[in-house]
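>>> this one's structure only:
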């Protein structure tokens, strides 16, 4: 009888764990970056960048029970490309895709736990040394910012620093 009760308890515990929903992640583009996208960077490029941030965070949090049932609401506040975007190349015909510079991104938002507790989140990374800039792609340093942000979020570093 005890064996049956123990087995039932284990089954119930594993079912509860299996039913825990992974964190839902949403990413909006901040108003200043949206204006910058319309005038300088390109709306499609910035929308794709926001989708990349969402996917990166979802991947990192998928294997972490820390945010089960939580909502992660992020805002892509700013982004700086390492290479010219398609819009920039179209707007300035003399500009070359071979041009490169320092890039990065700034992210804000909040984590809303399953119990309703709200924790603000903020992170920014901009490369400061051209020698280390990830200039092989248009958004290389922004991607580094997303990877670092997602890793810190998964570990709880961003929440612990509040």
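Received, thanks. Keep in mind the model is a prediction, meaning the values are calculated, not measured.

>>> quick one: secondary structure of residue 35?
Under DSSP: H, G, I helix; E, B strand; the rest coil, the three-state class of residue 35 is helix.

>>> How much space separates it from residue 29?
Residue 35 sits 10 Å away from residue 29, going by C-beta to C-beta, to the nearest Å. Heads up, the C-betas are built off the backbone N, CA and C, glycines and all.

>>> between these two, which one's more packed in?
Neighbours were counted for residue 35 and for residue 29 using other C-beta atoms under 10 Å; residue 29 has more, 21 against 11.

>>> mind listing what that one touches?
Residues counted as contacts of residue 29 (C-beta atoms under 8 Å, 6 or more residues apart in numbering) are 37, 46-47, 50, 75-76.

>>> what helix or strand is the residue lying closest to residue 50 once chain neighbours are set aside on?
Excluding the flanking residues, the one nearest residue 50 by C-beta to C-beta, 6 or more residues apart in numbering is residue 27, at 4.6 Å. Residue 27 is part of strand 24-29, with elements assigned from DSSP states H and E.

>>> That strand pairs with which strands?
Sheet pairing for strand 24-29, assigned by DSSP bridges, gives strand 71-80 (parallel).

>>> ok, residues contacting the strand it pairs with?
With contacts defined as C-beta under 8 Å, 6+ apart, strand 71-80 is touched by 23-30, 32-33, 36, 41, 46, 49-50, 53-54, 57, 61, 101-112, 121, 124, 126, 139, 141-142, 153.

>>> can you do 7 Å?
23-30, 32-33, 46, 49-50, 53, 57, 102-112, 126, 142 (C-beta atoms under 7 Å, 6 or more residues apart in numbering).
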